[in-house]
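Novice: any chance you could fold what I've pasted below:
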Amino acid sequence: MSEHGKIPATVVTGFLGAGKTTLIRHLLETANGKRLALIINEFGDIGVDGEVLKACGSETCGEEDIVELANGCICCTVADDFVPTIETLLARDPQPDHIVIETSGLALPKPLVRAFAWPEIRTRLTVDGVVAVVDGPAVANGLFAEDPEAVQAQREADEALDHDSPLEEVFEDQVNCADLVIINKTDAMSDDSRSETTQDLRTRLRPSVKMIEASHAAVDADILLGLTAAAEDDLDARPSHHDGHHDHEHDDFDTFVVDLPSFEMPEQLTDRIEKLFEAHDILRLKGFAAIQGRDMRLLVQGVGTRLNTYFDRDWRSDETRTTRLVVIGLKGLDQPAIESILRG
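Specialist: Okay, the predicted model is just below:
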C-alpha cells in the first residue's frame, strides 16, 4: 500500500523492442515476495508478450495474476477494457501489493495515467511511477532522434522529413510522461555513443526525472517500484503532443499474424526472417516457433534488423505445437510477399 492507503501501480512504456517484457520478467525475479498483478497490453492479434511472462514461473505472480488486453492500444480502450480489468483485480482476495501495466509499443502513456483520476479508481489506486524503456542503440543510430521519419526510412536521413510523424510523437510522449527512463542495451553501445545518447535524452526530460543505464533490462524491483510519483496528480507537468484531444489513431501501422508449420532447425526460420528484414521495412516481428525433435518452444523477437531467438519453455500438453509470428510495420506492408518469404 502507498502512504495514502492506495495500491500503487507502475506503468511500463517504451517503443517496439525496447525491452519492456524483459524488464518486467526481471522485476518478477527480484520482487522478494511482493504479490504483483500484471496487465499486458498487446498490439496485435495474439498475446506473445503475455505468453513470455506466463512462462517465467515466478512465485510472486501466477498465471491468474496476469491479465491481457488484446483489443488494441490500452490508451484508446480505457473505458471498455482497462477500468473493468482494474476493478476485477481489486476485487480479488488477497489484493495485489502492486500492479504493473505494460503498454504496447504504440501506446501513449498520458491518457492511461489520466484514467487513474476516474472516480472508480482514484480512491483505490495511485500511479507509483511511469517507467520508459528506451532502446539505446536505436536512439544513437537516429531511429528516435529529431527526425520523425527516421524509422520509416530505416535511418536514412532526409531533410524534407515531416516533423508531425506519429512515430516521433509516440516516442516523445513516452519519455515526457516518465518518472524513470531506462536506457537499455548499453552493452551494445560505445562509451562515446552512450554518453551522447544520455546527454541528448537528458535535454528532453523534466529535471525531476531519473535516468539509468541498463543491459538486458536488468533493473531490480527495488529500483522500479516505490517511486511514489502519484503521476495522476501532476499531469500538467507531463507535456504531450496530444494534449487537448485524448484520442488518436494507429492508422500508420499494419499488423498481422502469420501461422507456419514446425521447422526442422531454427536456422530455417531465422534465415527467412533475415531475408525478410532485408526486403521489407519491418518495425517488429515476434512470436514463437515449433522445432521438430525439441520439447521446448523457440521464442522469436526481432526489431529493426536485429533478431534474437531462444528456447523459453516446454510446450504444454494442451498446446498445439505450431509456429505463429506477429509482423508489425508501417502502413502499406506487402502482406502476401512477406508471407511468401516466411513460408519459403
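Novice: next, residue 134: secondary structure please.
Specialist: The local conformation at residue 134, judged by DSSP: H, G, I helix; E, B strand; the rest coil, is strand.
Novice: which stretches of the protein form helices?
Specialist: For the chain, the helices defined by DSSP state H cover 20-29, 48-54, 83-90, 109-115, 119-122, 136-140, 166-177, 191-204, 221-224, 266-279, 335-343.
Novice: make TSV out of the ones you listed and add mean pLDDT, distance to residue 231 and mean neighbour count.
Specialist: (Each C-beta comes from the backbone N, C-alpha and C, glycine too.) Formatted as TSV, these follow (pLDDT from 0 to 100; distance: least, C-beta to C-beta, whole Å; neighbours: other C-beta atoms under 10 Å):
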stretch	mean pLDDT	distance to residue 231	mean neighbour count
helix 20-29	88	17	22
helix 48-54	60	23	21
helix 83-90	79	15	16
helix 109-115	84	5	24
helix 119-122	75	12	13
helix 136-140	85	23	24
helix 166-177	79	8	22
helix 191-204	91	17	14
helix 221-224	93	14	18
helix 266-279	94	37	16
helix 335-343	95	38	14
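Novice: of all those helices, which one is nearest residue 300?
Specialist: Across those, residue 300 has its closest neighbour in helix 266-279 (7.1 Å, C-beta to C-beta).
Novice: from residue 40, how far off is residue 21?
Specialist: Plainly put, residue 21 is 8 Å away from residue 40 if you go by C-beta to C-beta, to the nearest Å.
Novice: low-scoring stretches of this protein, by residue?
Specialist: 1-4, 16, 42-81, 106, 119-120, 142-168, 242-253, 303-304 (pLDDT under 70).
Novice: ranges for the strands of it?
Specialist: In the chain, strands defined by DSSP state E lie at 7-14, 36-41, 66-69, 98-102, 125-135, 180-184, 210-213, 253-260, 282-289, 296-303, 306-314, 323-330, listed in chain order.
Novice: what lines up beside the last one in the sheet?
Specialist: Yep, that's strand 323-330 we're talking about. In its sheet, strand 323-330 lies beside strand 253-260 (antiparallel), strand 282-289 (antiparallel), with partners assigned from DSSP bridges.
Novice: buried stuff in it?
Specialist: Within strand 323-330, the residues scored as buried using 16 or more other C-beta atoms under 10 Å are 323, 324, 325, 326, 327, 328, 329, 330.
Novice: shouldn't the fourth one be in contact with residue 255?
Specialist: So that's residue 326. Yes. Contact status for residue 326 versus residue 255: in contact at 6.4 Å, counting by C-beta atoms under 8 Å.
Novice: if we can go back for a sec, including distance to residue 226, could the strands of the chain go into JSON lines?
Specialist: Listed next are the strands of the chain as JSON lines, based on distance: least, C-beta to C-beta, whole Å:
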{"stretch": "strand 7-14", "distance to residue 226": "8"}
{"stretch": "strand 36-41", "distance to residue 226": "13"}
{"stretch": "strand 66-69", "distance to residue 226": "22"}
{"stretch": "strand 98-102", "distance to residue 226": "9"}
{"stretch": "strand 125-135", "distance to residue 226": "7"}
{"stretch": "strand 180-184", "distance to residue 226": "11"}
{"stretch": "strand 210-213", "distance to residue 226": "12"}
{"stretch": "strand 253-260", "distance to residue 226": "35"}
{"stretch": "strand 282-289", "distance to residue 226": "30"}
{"stretch": "strand 296-303", "distance to residue 226": "29"}
{"stretch": "strand 306-314", "distance to residue 226": "29"}
{"stretch": "strand 323-330", "distance to residue 226": "33"}
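Novice: which one of those strands lies closest to residue 228?
Specialist: Between the strands of the chain, strand 125-135 lies closest to residue 228; by C-beta to C-beta that is 6.3 Å.
Novice: residue 282 and residue 83, how far apart?
Specialist: Separation of residue 282 from residue 83 (C-beta to C-beta) stands at 34 Å.
Novice: most packed of the strands paired with strand 323-330?
Specialist: Comparing those on average neighbours per residue, with mean count of other C-beta atoms under 10 Å, the densest one is strand 282-289 at a mean of 23.
Novice: angle of that one against helix 166-177?
Specialist: Interaxial angle, strand 282-289 versus helix 166-177 (axes from the mean of the first three to the mean of the last three C-alpha atoms, to 10 degrees): 80 degrees.
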